[in-house]
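Undergrad: Below is the sequence, then the predicted model.
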Amino acid sequence: SNLLPGHFLCVVKQIEHMAEHAGITVDGILINRLLTNVLFKAALGSLAFIPGLVFFRSTGLRCLCGGVGAGFGAGAAWTQADFYLKHPHLVALPQPFGVEMLALKASSMARLDAVLARFSS
């Protein structure tokens, strides 16, 4: 009767356990935002393989850099989710994926414009 995979159910139960002390209702929207944030930050952290390409010749060490970066990104997002569930009045709920992408695009374009302004003057 249960359509969710076992590992996903475990994550949902962990989120419910973290949220029960703060009085937050755990619904599909909250779980979607928190897990999307974890995936987004893990993907961003996995870009650490790029410096690994420069510094290491071994494929294993390059992959290790990407894996460590993904772990740090997912850990940071999980910590943010934990802080939100324990202290919702102090920490903001992570934004949906589209909003995160627009913010990333805006900050990247601002940095690129700042770098290009240095070279043009």
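TA: In hand now; what should we look at?
Undergrad: you'd agree residue 26 is up against residue 15?
TA: Yes. Between residue 26 and residue 15 there is a contact at 5.8 Å, judged by Cβ atoms under 8 Å. To be clear about C-beta, it is placed using only N, CA and C from the backbone, and glycine gets the same treatment.
Undergrad: which residues touch stretch 60-76?
TA: Residues from elsewhere that reach stretch 60-76, judged by Cβ atoms under 8 Å, 6 or more residues apart in numbering: 38-39, 41-49, 51-53, 55-56.
Undergrad: Pick the one among those residues closest to residue 109.
TA: residue 44 (16.6 Å; Cβ to Cβ).
Undergrad: Excluding residues flanking it in the chain, which one is nearest the closest one?
TA: Using Cβ to Cβ, 6 or more residues apart in numbering and skipping the chain neighbours, the partner closest in space to residue 44 is residue 73 (5.4 Å).
Undergrad: count of residues packed around the one you found?
TA: Residue 73 sits with 22 neighbouring residues when counted by other Cβ atoms under 10 Å.
Undergrad: Okay, it and residue 113: tell me how far apart.
TA: Distance, residue 73 to residue 113, by Cβ to Cβ, to the nearest Å: 26 Å.
Undergrad: again, but for residue 119
TA: Note on residue 119: its distance to residue 113, by Cβ to Cβ, is 11 Å.
Undergrad: where does residue 94 land in three-state SS?
TA: Here residue 94 is recorded as coil under DSSP: H, G, I helix; E, B strand; the rest coil.
Undergrad: Per-residue pLDDT of it, please?
TA: For residue 94, the pLDDT comes out at 83.
Undergrad: Next, it: phi, psi?
TA: According to degrees, to the nearest 10, the main-chain angles of residue 94 amount to phi -60, psi 140.
Undergrad: Report the contact partners of it.
TA: Residues near residue 94 by Cβ under 8 Å, 6+ apart: 33, 34, 36, 37, 77, 80, 81, 84, 100.
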